[in-house]
Every structure is written in C-alpha cells, then in structure tokens.
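Enquirer: Predicted model follows, preceded by the sequence.
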Amino acid sequence: MFAMASVLVVAAVAACSSPPDESTPKALTVCSTGDYRPFTYRDAAGEWSGMDIDLVRDFARESGVELHLVPTTWPTLMADLGHKCELAVGGISITADRAAKALFSEPYLRDGKAAIVRCADAAKYRSLPDIDRGGVRVVVNPGGTNEQFDRANLHHASIVEYPDNNTIFDQVIEGKADVMITDGSEVRWQVTQHPQLCAVSTDQPFTVAQKAYLMPKDAVSLQQRINKWLSTIQGDGSYSAVSRKWLGANIGPK
C-alpha cells in the first residue's frame, strides 16, 4: 500500500513539473511601419494606433496571446519579417515580389493608387497624364509600392524622394512638391486631416490592389488562423465597425 502511494506521489510530482505545451504560442510579435495612416501610426511616445493595429489587437486577444508590436520600415520590411517579427501588418499591398518571398493572408481590403494635390491646383491634375509632365514634382516615400508605381509610370515628371512618411504630405502643402501618389485609402484619410489637400482619382484609381497580412513562408499555421479569424470578423460585423471608424465606410476585399 505504501509503495503504491509512493508511486502516485512521484507521478503527481512529475506531472506538476512537466514543461508546458510548447505547441500553443504565448506571444505574437508583429512588425509595422507606424507611418501609414489610417492603417498604422506610432507617435513620438511610442504609442500605436490605426485600423490594422485595432485589428491585430483583436486577433491577439481572440488567440489568447500577448501582442508585441515592433517598428519596421518599408525598405527593411521583408528583411525584418521572420527575424524581428512573425507577422507584418499596416496597409501592406499584395505584390508578386512579396508573394514570392512570403505568405499573405486572404485579402481584407481593396485599394488602388490615387493622387493627392493642393486644392488650389486640383484642376491641373485630373489624371495620370496631367501629373506625368515636365516640371511636375512628385514626392515619394522610398522602399514601397508608391515608389515602384512612380518609377514604372512617371517618365516626364520629377520624382523626389522624401524619407519621412509621417510628414511627407507637408511637402505638398508647403509647395515643395506638387503631387503625391499613394493608396486611395491614405488619400481619403489625409484630405480629412488637411483641408488644403484634395484627392485625385480615388473613385477611379490608377491601379487596383488588395491589402493583406504578411508572414514568413513557413508560417502556414499562422496563415490559417488569421484567415479563419478574418472570415469570422467579416461575417459578424466586427470588421465593418473598424473599417467605418478609420475609413468612413465598410471597405472590404472586393
């Protein structure tokens, strides 16, 4: 009887001292540029906000994991993915180059390139040919799809690189540049913040693109969990509420 009790005690101690199940992640490390409102913004105090910040916080909460947000930049995004973080969010457009190197979630938002100009000059820039003329200065943040679009489509206008995406629209307001081409969602947001600026071609964008979340090639399990979560929030109204908060409308993937 004593021997049996001893065995039970040893088994109980062994069970209590067994390592926790490592198959379930306890934290999620997410890269974001923090400079692309309304999707992602990181202020001077290090506080994060934005549509994708709200959404990824919801994903972490629903997954029961602790969220760690890590700053990245557009030029270093692909290098940081899989090293500094296991997921990247923040208005990331699906491109063939990125898809060749990493996994995308299902798209959650449809977008396209449009332009933003000073309202006083809006009549001069009604189309891409109006913009692509000699003497027109187009400011761009390097390293992302904005620069790729400009270099592929602008053959006469001057492309002016400006590294700080948080203050880049001031370059147009102050007359240091004439136009910026970026995603229509960002254009819509910025014209609500700056009455001096007006949108060009947001209803008929120069391109059609979709936004999604990005993860390393081997993160198939994470991809499946995110896709399931996206399907849930798009069906129960949660996504619509966040989209209306940041974009003023329920803008989905189609």
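Expert: It's in.
Enquirer: ok, which stretches of this structure are helices?
Expert: Along the chain, the segments classed as helices by DSSP state H run 2-17, 51-63, 77-80, 96-101, 128-131, 145-153, 168-173, 184-193, 220-236, 238-247.
Enquirer: Include distance to residue 108 and mean pLDDT when you put these into CSV, please.
Expert: Glycine gets a C-beta too; all of them are placed from N, C-alpha and C. CSV is the format used below for the helices of the chain (distance: least, Cβ to Cβ, whole Å; pLDDT from 0 to 100):
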stretch, distance to residue 108, mean pLDDT
helix 2-17, 43, 40
helix 51-63, 8, 98
helix 77-80, 18, 97
helix 96-101, 16, 96
helix 128-131, 27, 96
helix 145-153, 17, 96
helix 168-173, 25, 97
helix 184-193, 12, 92
helix 220-236, 6, 97
helix 238-247, 7, 94
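Enquirer: contacting residues around residue 208?
Expert: Residues in contact with residue 208 (Cβ atoms under 8 Å, 6 or more residues apart in numbering) are 110, 111, 112.
Enquirer: ok, 7 Å please
Expert: residue 112 (Cβ atoms under 7 Å, 6 or more residues apart in numbering).
Enquirer: Kindly report the same for residue 57.
Expert: residue 67.
Enquirer: distance of it from residue 141?
Expert: Per Cβ to Cβ, to the nearest Å, residue 57 is found 25 Å from residue 141.
Enquirer: for residue 87, same thing?
Expert: 22 Å.
Enquirer: And those two? Which one has more around it.
Expert: Remark: of residue 87 and residue 141, residue 87 carries more neighbours, 26 against 22, as counted by other Cβ atoms under 10 Å.
Enquirer: Test my guess that that one contacts residue 216.
Expert: No: if you go by Cβ atoms under 7 Å, residue 87 and residue 216 don't touch, sitting 8.8 Å apart.
Enquirer: circling back: want to throw the helices of the chain into a markdown table with distance to residue 254?
Expert: Below are those laid out as a markdown table (distance: least, Cβ to Cβ, whole Å):
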| stretch | distance to residue 254 |
| --- | --- |
| helix 2-17 | 51 |
| helix 51-63 | 18 |
| helix 77-80 | 26 |
| helix 96-101 | 19 |
| helix 128-131 | 24 |
| helix 145-153 | 20 |
| helix 168-173 | 29 |
| helix 184-193 | 15 |
| helix 220-236 | 11 |
| helix 238-247 | 13 |
